[in-house]
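>>> here is a sequence with its predicted model. Questions after.
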Amino acid sequence: MARNEEDEAYRCAAALRRALRRFESRCEEIARANGLTSRQYLLLLFIRGSQGGTATVSGLVHDLRLGQSTVTELVQRAEEQGLIVREPSRTDGRVVHLSLSPEGERRLAGAFAELGEERSHLIELVSSL
């Protein structure tokens with residue numbers, strides 16, 4: 001790779017990382033303003049964004065890139081706060097489906113809407129790189 005190409009690759013990588021850091025910082029700020037931690041925001045987002053608006057703990061372990069015990073604790077706390085509901089699977093007794101409660105929907109929707117401009121900016125930047 002020529003020096004100029006290498007320099008441009010570093011500039012693009014730095015621009016992407018700056019945008020990601022800004023987005024994460026805004027996510028944390030907006031999540032707090034909507035009564036959520038940043039992990040709760042991601043939990044609710046991944047549940048809501050899952051097929052049919054329901055998720056499983058094992059699916060969330062994969063999506064969140066966290067350990068099983070960490071996700072289980074996060075789910076338990078979110079349930080205790082009335083953000084999610086559990087429903088046993090009708091076909092597999094080992095599986096529990098998670099969905100958002102009305103309160104979880106309300107808080108997620110508020111944060112999600114506030115992050116719209118930030119999401120658009122990030123998508124635009126990634127597309128340009």
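Happy to help now that I have it.

>>> which elements pack onto the longest helix along the chain?
When the chain is parsed with DSSP state H, its longest helix is helix 3-33. In terms of contacts (3 or more Cβ pairs under 8 Å, 6 or more residues apart in numbering; DSSP states H and E), helix 3-33 is packed against helix 38-48, helix 102-114, helix 116-128. From N, CA and C alone the C-beta is placed, and that goes for glycine too.

>>> what mean pLDDT does that helix get?
Helix 3-33 shows a mean pLDDT of 93.

>>> relative to residue 79, how far out is the most centrally placed residue in the chain?
The centroid of the chain falls nearest to residue 42 when counting by Cα atoms, centre = their mean (2.6 Å). Using Cβ to Cβ, to the nearest Å, we find residue 42 at a distance of 16 Å from residue 79.

>>> on that earlier part again, tell me which of the helices and strands packed on helix 3-33 is the most buried.
helix 38-48 (a mean of 21; mean count of other Cβ atoms under 10 Å).

>>> how far does that one sit from its chain's centre?
In terms of Cα atoms, centre = their mean, to the nearest Å, the centre of helix 38-48 is set 5 Å apart from its chain centre.

>>> what do you get for stretch 16-28?
13 Å.

>>> run through who's touching that stretch.
38, 41, 111, 115, 118, 119, 121, 122, 125, 126, 129 (Cβ atoms under 8 Å, 6 or more residues apart in numbering).

>>> do that again at 7 Å, thanks
Residues from elsewhere that reach stretch 16-28 (Cβ atoms under 7 Å, 6 or more residues apart in numbering): 38, 41, 115, 118, 122, 125, 129.

>>> for residue 13, state which of the residues you listed is nearest.
residue 129 (8.7 Å; Cβ to Cβ).

>>> next, count neighbours for the closest one.
Around residue 129 there are 11 other residues, counting by other Cβ atoms under 10 Å.

>>> excluding its backbone neighbours, what's nearest it?
residue 12 (4.9 Å; Cβ to Cβ, 6 or more residues apart in numbering).

>>> kindly report the same for residue 42.
Per Cβ to Cβ, 6+ apart, closest to residue 42 is residue 64, 6.2 Å.
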